[in-house]
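A.B. asks: build me a structure from this.
(one chain, ligands or ions: 1)
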Amino acid sequence: MKYIFVTGGVVSSLGKGLTAAALGTLLENRGLKVCLQKFDPYLNVDPGTMSPYQHGEVYVLDDGAETDLDLGHYERFTNTKLSRINNLTSGQVYQTVLNNEREGKYLGKTVQVIPHVTDEIQNRIIQLGEHSKADVVITEIGGTTGDIEGLPFLEAIREFALDVGVGNAIFIHVTYVPFIKAAGELKTKPTQQSVAKLREIGIAPHILVCRCEKPLDKELRQKISLFCNVPYEAVIEEKDVDHSIYEVPLMLQRERMDDLVCKLLHLDAPGSDMTHWQEIIRKLIAPQHRVRIGVVGKYIELQDAYKSVYEAIIHGGIANDCGVAIEQVEAEDIEKLGAEKALKGLGGILVPGGFGERGIEGKILAAQYARERKVPYLGLCLGMQIACIEFARHVAGLEGAHSFEFSPDSKHPVIALMNEQKKVTKKGGTMRLGSQPCQLVVGSRAAQLYGAFLVNERHRHRYEFNNAYRARFEKAGMVFSGTSPDGLLVELIELPDHPFFMASQFHPEFLSKPNHPHPLFKGFIAAAHAQIHQKSI
Ligand code: GLN
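C.D. replies: Just a heads-up that it's a prediction; the model follows:
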């Protein structure tokens, strides 16, 4: 088994996760079995308890693990199957070490960062290797070199690489080469210093991936090579992409990064054939059609808060050869400006998941606008609950209807706390989480889009549709097109007399890939495009 460790230098948000995922794509396309994992140095056990302002999206896996959004990149770019062992935080490491200490597993010893914490980190690499049976395990270390909290992870991978020996493990350092406008030059000093920092703790990177706005010329590459002690061909340019993150694998392939990785790890694998990936890029750069989709949210100014939703919308576009312009609509703006002003001209409206009361009425207005004006609507998790509240108030005649989450005293709690949640007091990892089966109704739009009657989708919620109102809703024209197989939990709703009005209690965005767009997003974009096209005829 071969190991690749990806670290980051100079600044955060360089796209280490994307780089790791894109390398995964290239290695997979060379016929290698790849597995990716992420180490996060913060003390939360998982990111599930953090606000999107702190952390961006929480990405949910089949087994219900709430993980870092980089795992979303791993799943979108590769075929690797991820579970909770693929994301390790300092919080988990310390929890295990402290539990072991209480159980007497280290009896007689002083428990220390080295070796107890570092051993625990190394165990996770070994565990994943054994579990995945991959040819190559790629481990990304979160944070930036020089952070105090990242040190145990760096020490652990240094020791690990020493143990497995030369040719079995490599270090890739993703660094930043800023362009200084006043000087009109790219600067290498931060990279030099960041590599020096790594070498101080005994890690000498084999490859430097240089994130930059402008191309690196030969002279600059030579300079980085000389001062950072890496061969010339190991200085890899990763320029800001022009159109899409899906260009990154092709960019790295042009830089022959996968050839170099295979050479360093003595991997004998044929060159990768990326023709299918090039076709995806073609559709992204020069699509036949175009459509504008509004995403109505509460953390809309944060690029990372709805990461998988944005990606899945783009995938829906790829499936329809349709370029999608995503308009980020602040839900509170709808409350202030009115739906007409905030949403006019959009081809489709999407209300994603969320928690907390802020912006709820704006989202309800968006659902009402979409329903009444026959604009395609896709609601995800909270977006389904919103659609139900709106339908209750304005179609089913249930004045004052609301969700128990926002209005515990509502006369008509059409969204209520799930039974299994009633006794839950702890916050971390206690929602209804992960993959659950969903039975689709024969003849529904859902069944038609999926081409199946039983599907599995990922969840993350505490509230559900209140079954006391089912008959009333059905009478008013709503179709419950997907439920849990026992029929007790509503999973999908749709309005048959609308061009496209669908909403799910689950999160389909976590199962969409550029080469396998999710059926709901595919159908949504198709409807949005058809609608716009029809209106312009
Ligand atoms: N807040 C809602 C619930 O807990 C919706 C959650 C979500 O959108 N992920 O049920």
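A.B. asks: contacts and neighbour counts: CA atoms only from here.
C.D. replies: Noted.
A.B. asks: contact partners for residue 293?
C.D. replies: Listed by Cα atoms under 8 Å, 6 or more residues apart in numbering, the contact set of residue 293 reads 324-327, 346-350, 528.
A.B. asks: try 10 Å
C.D. replies: Taking Cα atoms under 10 Å, 6 or more residues apart in numbering as the contact definition, residue 293 lies against 310, 313, 324-329, 343, 345-350, 376-377, 524-525, 528-529.
A.B. asks: taking these one by one, which sit in strands?
C.D. replies: Using DSSP state E, the members of the contacts of residue 293 that fall in strands are 324-329, 348-350, 377.
A.B. asks: select only the buried ones of those in PyMOL?
C.D. replies: Here is the PyMOL command that selects the buried residues among the ones in strands among the contacts of residue 293 (16 or more other Cα atoms under 10 Å):
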select buried, resi 324+325+326+328+329+348+349+350+377
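A.B. asks: can you put the ones in strands among the contacts of residue 293 in a markdown table and add pLDDT and distance to residue 317?
C.D. replies: Listed next are these as a markdown table, based on pLDDT from 0 to 100; distance: Cα to Cα, whole Å:
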| residue | pLDDT | distance to residue 317 |
| --- | --- | --- |
| 324 | 95 | 6 |
| 325 | 95 | 10 |
| 326 | 95 | 11 |
| 327 | 94 | 14 |
| 328 | 94 | 17 |
| 329 | 95 | 19 |
| 348 | 97 | 12 |
| 349 | 97 | 14 |
| 350 | 98 | 14 |
| 377 | 98 | 15 |
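A.B. asks: closest one to residue 359 out of the ones in strands among the contacts of residue 293, please.
C.D. replies: Of all these, the one sitting nearest residue 359 is residue 329; the distance, using Cα to Cα, is 10.8 Å.
A.B. asks: the closest one: what's it in contact with?
C.D. replies: Neighbouring residues of residue 329 by Cα under 10 Å, 6+ apart: 293-301, 342-343, 349-351, 362-363, 366.
A.B. asks: center of the protein, which residue is that?
C.D. replies: Centroid-nearest residue in the chain, with Cα atoms, centre = their mean: residue 72, separated by 3.3 Å.
A.B. asks: ok, for that one, nearest residue in space, not its chain neighbours?
C.D. replies: Leaving out its chain neighbours, the residue that sits closest to residue 72 by Cα to Cα, 6 or more residues apart in numbering is residue 59, at 6.3 Å.
A.B. asks: residues in contact with the residue nearest to the centre of the chain?
C.D. replies: The contact partners of residue 72, by Cα under 10 Å, 6+ apart, come to 17-18, 21, 57-61, 82, 307-308, 311, 509-513.
A.B. asks: in the stretch 101-250 of the chain, what residue is nearest the ligand?
C.D. replies: residue 142 (24.6 Å; Cα to the nearest ligand atom).
A.B. asks: apart from its neighbours in sequence, what residue is nearest that residue?
C.D. replies: In space, and not counting its chain neighbours, residue 142 is closest to residue 40: 4.9 Å by Cα to Cα, 6+ apart.
A.B. asks: with residue 441 instead?
C.D. replies: Once flanking residues are discounted, residue 441 sits nearest to residue 481: 5.0 Å by Cα to Cα, 6+ apart.
A.B. asks: repeat for residue 399
C.D. replies: Once its chain neighbours are removed from consideration, residue 399 has its nearest residue in residue 393; the separation is 5.0 Å (Cα to Cα, 6+ apart).
A.B. asks: mind listing what the one you found touches?
C.D. replies: 364, 368, 399-402, 412, 414.
A.B. asks: can you put those residues in JSON lines and add secondary structure?
C.D. replies: Formatted as JSON lines, these follow (DSSP: H, G, I helix; E, B strand; the rest coil):
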{"residue": "364", "secondary structure": "helix"}
{"residue": "368", "secondary structure": "helix"}
{"residue": "399", "secondary structure": "coil"}
{"residue": "400", "secondary structure": "coil"}
{"residue": "401", "secondary structure": "coil"}
{"residue": "402", "secondary structure": "strand"}
{"residue": "412", "secondary structure": "coil"}
{"residue": "414", "secondary structure": "strand"}
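A.B. asks: pull the most distant pair out of those.
C.D. replies: Looking at the contacts of residue 393 by Cα to Cα, the two members farthest from one another are 368 and 412, with 18.0 Å of separation.
A.B. asks: what average pLDDT does the strand or helix carrying residue 387 get?
C.D. replies: Assigned by DSSP states H and E, residue 387 falls within helix 382-394. Averaging the model's pLDDT scores along helix 382-394 yields 98.
A.B. asks: got the buried residues for that helix?
C.D. replies: By neighbour count, with 16+ other Cα under 10 Å as the criterion, the buried positions of helix 382-394 are 382-393.
A.B. asks: can you name the residue of the stretch 251-400 of the chain nearest the ligand?
C.D. replies: Among residues of the stretch 251-400 of the chain, the one nearest the ligand by Cα to the nearest ligand atom turns out to be residue 353. It sits 3.1 Å away.
A.B. asks: for that residue, the count of nearby residues, please.
C.D. replies: 23 (other Cα atoms under 10 Å).
A.B. asks: wait, it touches residue 463, no?
C.D. replies: No: Residue 353 is beyond contact range of residue 463, at 12.0 Å (criterion: Cα atoms under 10 Å).
A.B. asks: any shared contact partners between those two?
C.D. replies: The overlap between the contact sets of residue 353 and residue 463 (Cα under 10 Å, 6+ apart) consists of 381-382, 385, 505.
A.B. asks: restrict those residues to those near the ligand?
C.D. replies: Checked against the ligand using Cα under 6 Å from any ligand atom, the shared contacts of residue 353 and residue 463 yield the following neighbours: 381-382.
A.B. asks: identify all contacting residues around the following helix or strand past the helix holding residue 387.
C.D. replies: Helices and strands here follow DSSP H and E; after helix 382-394, the next one along the chain is strand 402-403. Where contact means Cα under 10 Å, 6+ apart, the residues beyond strand 402-403 that reach it are 382, 385-386, 388-390, 392-393, 408-417, 463-466.
A.B. asks: hang on, residue 340 is in a helix, isn't it?
C.D. replies: Yes: with three-state DSSP as the criterion, residue 340 is located in a helix.
A.B. asks: residues near it, how many?
C.D. replies: By other Cα under 10 Å, 13 other residues sit near residue 340.
A.B. asks: now it: how far from residue 291?
C.D. replies: As judged by Cα to Cα, to the nearest Å, residue 340 and residue 291 stand 18 Å apart.
A.B. asks: what does residue 474 give?
C.D. replies: Look at residue 474 and residue 291: by Cα to Cα, they are 32 Å apart.
A.B. asks: more neighbours: which of these two?
C.D. replies: A count of neighbours by other Cα under 10 Å puts residue 291 above the other of residue 474 and residue 291, at 22 against 13.
A.B. asks: for the more buried one, helix, strand, or coil?
C.D. replies: With three-state DSSP as the basis, residue 291 sits in strand.
A.B. asks: quickly note the distance from it to residue 107.
C.D. replies: When Cα to Cα is the yardstick, residue 291 and residue 107 sit 64 Å from each other.
A.B. asks: and if you look at residue 487?
C.D. replies: Taking Cα to Cα as the measure, residue 487 and residue 107 are separated by 52 Å.
A.B. asks: who touches the closest residue to the ligand within the stretch 1-150 of the chain in this structure?
C.D. replies: Here the stretch 1-150 of the chain gets closest to the ligand at one residue, residue 58, 9.5 Å apart by Cα to the nearest ligand atom. Residue 58 makes contact with 46-52, 65-72, 304-308, 460 under the criterion Cα under 10 Å, 6+ apart.
A.B. asks: can you flag the buried ones in those residues?
C.D. replies: For those, burial is judged from neighbour counts taken by 16+ other Cα under 10 Å, and it is met by 46-48, 52, 65-72, 304-308, 460.
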